[in-house]
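# Starting from these lines, generate the structure:
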Amino acid sequence: MKKLFAVLGDPIGHSMSPFMLNDLFSFYNMDSVYLPFHVKGENLHDAVKGLKAVGVGGFNVTVPHKSNIIPFLDGIDELAANIGAVNTVVNENGQLIGYNTDGPGFLKGLTSLVPKIADQKVLIIGAGGAARAIYFTLAKENPRKLDIANRTIERAVSLINECPYSVSSSACSFDEAYELLGEYDLVIQTTMIGMSPKIYEQPIALNNLRKQSVFCDIIYNPIETQILKEARLNGASIQNGIDMFVYQGALAFEKWTGIFPDVNRMRDNVLKQLGGKTC
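Predicted coordinates for the structure are as follows:
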């Protein structure tokens, strides 16, 4: 009998995780299947109980359930607890334990461009859920500076104040960030501005971006957003959101199976599913 793995979300039809992870189960000759489940918020508790009852091996959690699922789990690890969000659940001897692989996935995918975060000056654009996961993860790596730019400064300040890890950090507006861009070694765009279909929008202009800096955008549709294109033209090394998506999935797969999978295969499959399109 196949072992069940799943992803819960609302909506869920757009998810590329089933394509990516079912390919891995086949590649590693595992008798397992990964299925998407469209779960409304009012049915989330019942869905978790049902998965536990049938002995699910593990599952992913996507929007809008990453925080709301926490009370329905048997436990969560320290990072997920601090972030206040879970994207991966593992069945550990009948107990459903929650983890967050979003931030660690981003960090692992970044190593080809930035091998070490320590002593880097970093700016995160945005203060939503993805920014929170990335901020908390990077804060543990001892960057020289870790700032947040957001349309609402108060939200950025709250995120900084809620982080349990000691790091030099300040909040600023998008306008202020524009003036300060030249100070940063690494800039990470975490908002949904520029996502398809509004592909020509961007949160800030990059005229002041320092050449030889690294610029990341966690969006992967389009594959090269308008702001990534501008960063590249300004001399920065760039990375889109595919690596974060692939590595957070790889870390989840490792937690479920004990195998860290072939990330190049995963990346190729994601690109294939996107059709190589830029919008």
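# ok, and the closest non-adjacent residue to the spatially most central residue of the chain?
The chain has residue 102 as the residue nearest its centroid, 3.6 Å off, counting by CA atoms, centre = their mean. For residue 102, ignoring the flanking residues on the chain, the nearest one in space by CB to CB, 6 or more residues apart in numbering is residue 133 at 4.0 Å. Using the backbone N, CA and C atoms, a C-beta is placed for each residue, glycine as well.
# try residue 267
Going by CB to CB, 6+ apart, residue 267 has residue 246 as its nearest residue, at 5.0 Å.
# Can you tell me the SS state at that neighbour?
helix (DSSP: H, G, I helix; E, B strand; the rest coil).
# Would you confirm that the residue nearest to residue 102 contacts residue 106?
Yes: using CB atoms under 8 Å, residue 133 is in contact with residue 106, at 7.5 Å.
# residue ranges with poor pLDDT in the stretch 151-279 of the chain?
276-279 (pLDDT under 70).
# After whichever strand or helix holds residue 146, heading C-terminal, what element do we hit next?
Using DSSP states H and E, the element containing residue 146 is strand 145-149. Moving toward the C-terminus from strand 145-149, the next helix or strand (DSSP H and E) is helix 153-162.
# Tell me which residues are up against that next one.
127, 131, 132, 135, 148, 149, 150, 169, 170, 171, 172, 173 (CB atoms under 8 Å, 6 or more residues apart in numbering).
# so which of those residues would you say is closest to residue 66?
residue 132 (10.2 Å; CB to CB).
# what's the closest of the contacts of helix 153-162 to residue 207?
Closest to residue 207, out of all of the contacts of helix 153-162 and judged by CB to CB, is residue 149, at 15.3 Å.
# Tell me the spatial nearest neighbour of that closest one, not counting adjacent residues.
residue 177 (3.5 Å).
# The one you found against residue 124, yeah?
No: counting by CB under 8 Å, residue 177 sits too far from residue 124 to count as a contact (9.7 Å).
# residues shared between the contacts of those two?
147, 149.
# now the helices for the stretch 101-250 of the chain?
Assigned helices in the stretch 101-250 of the chain, in chain order: 102-110, 129-139, 153-162, 174-180, 226-233, 242-257 (criterion: DSSP state H, counting those that start in this stretch).
# Quick one: closest of the ones you listed to residue 13.
Taking the helices of the stretch 101-250 of the chain one by one with CB to CB, helix 242-257 is closest: 16.6 Å.
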